[in-house]
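> based on what follows, work out the 3D shape:
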Amino acid sequence: MSGRPARSSEASPPRVVVVDGDARHEVFDVLDFSDGVLRARSAFLFEIGEELRVRIERGGGADICVAVARVRGHSGPDDARVTELEISDPTPPRGQG
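Residues are numbered from 1 along each chain as shown. Below is the predicted model:
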């Protein structure tokens, strides 16, 4: 049988939610997050260079920060498009940390 072995020792990717005032929009299915770059799928096609305010949650919401996500580019076919976002200025949300 070919294929990659399960990687149970690796942490699951974080949950990323777009913050728009008091509203929260879950528009990303995170594939990978490393070295300050997030790779995700979305039904929305954001403009390259567009900046979004996001909330990043790890470990069931135990580790949370708010950051700026700048769209670096898109890759893949239309039905499996991957958006690459550069994360900067991570800070704890108001009332935490």
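
> give me the next element, helix or strand, following the top strand by length along the chain.
The single longest strand within the chain, with elements called by DSSP state E, is strand 63-75. Using DSSP states H and E, the helix or strand that directly follows strand 63-75 along the chain is strand 82-91.

> only C-alpha atoms, please: export that following strand in PDB.
Extracted in PDB, the C-alpha atoms of strand 82-91 (Å, rounded to 0.1, in the frame of the first residue of the first chain):
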ATOM      1  CA  VAL A  82      -5.100  27.400  -1.800                       C
ATOM      2  CA  THR A  83      -4.700  30.900  -0.400                       C
ATOM      3  CA  GLU A  84      -1.300  31.800   1.200                       C
ATOM      4  CA  LEU A  85      -1.500  34.400   3.900                       C
ATOM      5  CA  GLU A  86       1.400  36.100   5.800                       C
ATOM      6  CA  ILE A  87       0.700  36.600   9.500                       C
ATOM      7  CA  SER A  88       2.000  39.600  11.300                       C
ATOM      8  CA  ASP A  89       1.500  41.700  14.500                       C
ATOM      9  CA  PRO A  90       0.100  38.800  16.600                       C
ATOM     10  CA  THR A  91      -1.300  40.100  19.900                       C
END
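
> run the angle between it and strand 63-75 for me.
Angle of strand 82-91 versus strand 63-75, following axes from the mean of the first three to the mean of the last three CA atoms, to 10 degrees, is 150 degrees.
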